[in-house]
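Q: next come a sequence and a model predicted from it.
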Amino acid sequence: MRRRTGCSVVLLTPPAMAFADARGGWPGTYDTAASDLGKTFIERHALLLTGGDVYGFDAAAGIRRFLLERKLASPTGG
């Protein structure tokens, strides 16, 4: 589905390895600790590129919900 959202999502089929490198004075990241180079679990089903601080985190939550509904992500406690 294509809409003007201010973000870009890449669904990875099949899942792929991904690493994160966030730079800058105040980068906002979501679930990037699991993508550090020292981690063994690095398979990703989607990549999200967005800006806009809180709007970007809302977009990330939407992608997470999308993946959970399709059993492509595991629920986290909290």
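A: Everything's here; your move.
Q: isn't L49 right up against A20?
A: No - counting by CB atoms under 8 Å, L49 sits too far from A20 to count as a contact (11.8 Å). Heads up, the C-betas are built off the backbone N, CA and C, glycines and all.
Q: mind checking the SS state of the residue lying farthest from the centre of the chain?
A: Computed with CA atoms, centre = their mean, the residue of the chain farthest from its C-alpha average is G25, at 20.3 Å. The three-state assignment at G25 reads coil, by DSSP: H, G, I helix; E, B strand; the rest coil.
Q: rewinding a little: of L49 and A20, which one has the most company?
A: The neighbour count for L49 versus A20, taken as other CB atoms under 10 Å, is higher for A20 (17 against 10).
Q: quick one: the more buried one and E69, what's the gap?
A: 24 Å (CB to CB, to the nearest Å).
Q: from the contact counts, what lies against the longest strand belonging to the chain?
A: In the chain, with assignment by DSSP state E, the single longest strand is strand 7-17. Judged by 3 or more CB pairs under 8 Å, 6 or more residues apart in numbering; DSSP states H and E, the packing partners of strand 7-17 are strand 43-50, helix 54-69.
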